[in-house]
Every structure is written in structure tokens, then in C-alpha cells.
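Enquirer: Build me a model from this:
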Amino acid sequence: MITAIPVTENKGENSTISEHFGRAPYYAFVEIEEDEIKSINVEENPFSSHDPGEIPNYLKSKDASVVITQGVGRRARAYFERLKLEVITGAYGTVKELAKAYINGSLRSVDYTPREKFRGHG
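Expert: Take a look at the predicted model:
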């Protein structure tokens with residue numbers, strides 16, 4: 001299973017989640033198998049400017065089935081639903097923290113506001 005996380009920098013497992021989903025400079029793709037992180041690949045966002053649906057389709061083309069983000073707009077959420085991608089919102093932390101929280105089941109989707117953030121604990 002591949003989990004996609006928008007991140008602010010290319011620091012592998014130590015990359016920090018980006019507050020801006022569509023304008024994130026990078027996306028981390030975390031491969032999870034048998035409740036373990038198998039690989040983490042961070043790629044530059046190929047869409048410096050994008051049309052609706054381009055980023056959800058890009059994440060799907062990378063075989064992502066889960067998207068972990070701080071917040072996401074209604075339009076992007078509709079694309080994710082059409083593409084059958086699970087979306088978890090309200091998250092913050094590093095790629096490693098978030099992936100471990102997802103694996104152990106402690107990562108829950110919450111509405112994102114600047115004062116209500118969930119930090120993944122691994």
C-alpha cells in the first residue's frame with residue numbers, strides 16, 4: 001500500500017507535512033507492507049500551478065491509496081472520492097511519525113484548523 005503525504009522539504013522520513021496540500025513543494029510516497037515502512041520516496045511537486053484534479057490524479061498514478069494531509073479543499077476531496085483514495089486530514093508531524101501513526105491505527109481524520117492539529121505518535 002502506498003500512502004501520499006504533501007511535505008515541505010526532501011528529507012526522507014524526516015520531511016515535515018506541508019500546510020498547503022496543492023502547493024506543497026514535494027510529496028512523500030510511503031510504501032507500507034505488513035505493518036512496516038518498506039520505503040519512502042520524496043518527489044518534487046510536478047505541478048507548480050495546477051488545474052483541478054491534476055494532483056489527485058498524479059497521486060493515484062503513483063499507486064497511492066491513502067492521502068495524509070493537514071487540510072484539503074472540497075474540490076480536491078471530491079476528486080479523491082471519485083478516485084477511491086482515503087483522505088486523512090488534520091495531521092501534522094514528519095513522514096515517519098505519520099506513517100507509524102497510520103500503521104498503529106492512532107491516526108484519525110479531523111477537520112483541520114490552525115489550533116486543532118493531530119500529531120502522529122509512533
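Enquirer: now the helices: where do they sit in the chain?
Expert: Counting by DSSP state H, the chain has helices at residues 54-61, 74-82, 95-104.
Enquirer: List the buried residues of the longest one.
Expert: What it means is helix 95-104. Val95, Lys96, Glu97, Leu98, Ala99, Lys100, Ala101, Tyr102, Ile103 (16 or more other C-beta atoms under 10 Å). Yep, even glycine has a C-beta here, placed from its N, CA and C like the rest.
Enquirer: ranking the helices of the chain by mean pLDDT, which is last?
Expert: Lowest mean pLDDT within the helices of the chain: helix 74-82, a mean of 89.
Enquirer: Have a look at this protein and report the helix or strand with the lowest mean pLDDT.
Expert: When the helices and strands of the chain are compared on mean pLDDT, DSSP states H and E, strand 118-119 comes out lowest with a mean of 49.
Enquirer: Which one, of the helices of the chain, ends up nearest to Ile5?
Expert: Proximity to Ile5 (C-beta to C-beta) singles out helix 95-104 among the helices of the chain, at 5.6 Å.
Enquirer: could I have that closest one exported to PDB, CA atoms only?
Expert: Taking C-alpha atoms only, helix 95-104 is exported to PDB below (Å, rounded to 0.1, in the frame of the first residue of the first chain):
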ATOM      1  CA  VAL A  95       6.600  11.400   7.400                       C
ATOM      2  CA  LYS A  96       7.900   8.800   9.800                       C
ATOM      3  CA  GLU A  97       5.700   9.900  12.600                       C
ATOM      4  CA  LEU A  98       2.600  10.000  10.400                       C
ATOM      5  CA  ALA A  99       3.300   6.600   8.700                       C
ATOM      6  CA  LYS A 100       3.800   4.900  12.100                       C
ATOM      7  CA  ALA A 101       0.600   6.500  13.500                       C
ATOM      8  CA  TYR A 102      -1.300   5.200  10.400                       C
ATOM      9  CA  ILE A 103       0.200   1.800  10.800                       C
ATOM     10  CA  ASN A 104      -0.700   1.500  14.500                       C
END
